[in-house]
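Student: Got a sequence here, can you build the structure:
(chains A and B, ligands or ions: 1)
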Amino acid sequence: MRVQAVAFRFSFLVCGNQHDAEDVMQEALLKTYRHITRIERPEAFRTWLFRTVRNFCLMKRRKRVDEPAHMLSLDGQPAGGDSSSDRHDASMDVADGAKRPDELALNAWLGRRLRTALAGLAPVDRMIVLLREMEGLSTREVAEITKLSEDNVKTRLHRARSRLRDLLKEA
Amino acid sequence: MAKRIADCGMVTERLSAFLDGDLDAAECGRIARHAKTCPRCTQLTAELRRTVGLCQRAAKTPLPPELRRRARASIRRLLEKDPQTR
Ligand SMILES: [Zn+2]
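Tutor: Below is the predicted model:
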């Protein structure tokens, strides 16, 4: 269950809702089972898995452009609805979202305060925080997954942490 | 005074690298020495450390049982469905 749990947790955070997370995890794991014999270095595995999840989430996101922004809209485009702030994420609205089971689950798991603060980060920065702090990946692994340079990952991580610190104070 | 302000800027900019152990001994020493005499940077360091800790602890919290159950169920469905993985 280790791989599945990691894939699901990350899919869940990236997609922001349970339904998409299940689809994404299934597709990513199916690909994993099919290709597992071709993954030569075990340490490359999780990078590969996260990159696969990231790509499936991106595809999913493109298919749903007319729906409200999810927790981690990787392209950074707020989709429809309230565009008063491009940092606002509709799926993170705790007030009326609290009725949905996956909203409740996210709140119960991350805590409302951290979740609200994470929603205030730019999508790529949020992904870097998730991979680096929450999944414990190295800078090099995060760079491979996000296709950014290591220096860029470090710069963004620092910016994201500082912003998160401010947002936690406000939350 | 100018040196002190310059050091505050350096701490603000390099704090993540400091916390992640990416700096050499000389730079670490400079940040640690400065933070000892500067309340602003002491606070900044503590806050950033807390922020990182909060994220790391959140990741250690297991997913709620209902989500885990659904994840397991969908894995089972996946394995039953796909002939290549049997
Ligand atoms: Zn200072």
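
Student: Can you measure across stretch A:110-124, start residue to end residue?
Tutor: For stretch A:110-124, the first and last residues are 19 Å from each other (C-alpha to C-alpha, to the nearest Å).

Student: again but with stretch A:32-51, I slipped
Tutor: Stretch A:32-51 end-to-end distance (C-alpha to C-alpha) = 11 Å.

Student: Provide a complete list of residue ranges assigned to helices in the chain.
Tutor: Reading this off chain A. A:2-15, A:18-35, A:42-63, A:94-97, A:101-110, A:112-119, A:123-129, A:139-146, A:150-170 (DSSP state H).

Student: oops, chain B please
Tutor: So, for chain B - with DSSP H - the helices run B:2-19, B:25-37, B:39-60, B:65-81.

Student: I'd like to know which of those is closest to A:Thr47.
Tutor: helix B:39-60 (17.2 Å; C-beta to C-beta). Backbone N, C-alpha and C define where each C-beta goes, glycine included.

Student: what sits up against that closest one?
Tutor: With C-beta atoms under 8 Å, 6 or more residues apart in numbering or on different chains as the test, helix B:39-60 has contacts from A:109-111, A:114, A:129, A:133-136, A:161-162, A:164-165, A:168, B:7-8, B:11-12, B:15-16, B:18-19, B:31, B:34-36.

Student: Please export the C-alpha coordinates of it as CSV.
Tutor: Output in CSV follows, covering the C-alpha atoms of helix B:39-60 (Å, rounded to 0.1, in the frame of the first residue of the first chain):
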residue,chain,number,x,y,z
PRO,B,39,15.6,40.2,17.2
ARG,B,40,14.0,40.6,13.7
CYS,B,41,16.1,37.9,12.2
THR,B,42,15.8,35.6,15.3
GLN,B,43,12.0,35.9,14.9
LEU,B,44,12.2,35.3,11.1
THR,B,45,14.3,32.2,11.6
ALA,B,46,11.9,30.8,14.2
GLU,B,47,8.9,31.5,12.0
LEU,B,48,10.3,30.0,8.9
ARG,B,49,11.4,26.9,10.9
ARG,B,50,7.8,26.6,12.3
THR,B,51,6.3,26.9,8.8
VAL,B,52,8.5,24.1,7.4
GLY,B,53,7.8,22.0,10.5
LEU,B,54,4.0,22.5,10.1
CYS,B,55,4.1,21.2,6.5
GLN,B,56,6.4,18.3,7.4
ARG,B,57,4.1,17.2,10.3
ALA,B,58,1.0,17.5,8.1
ALA,B,59,2.5,15.0,5.7
LYS,B,60,3.1,12.5,8.6
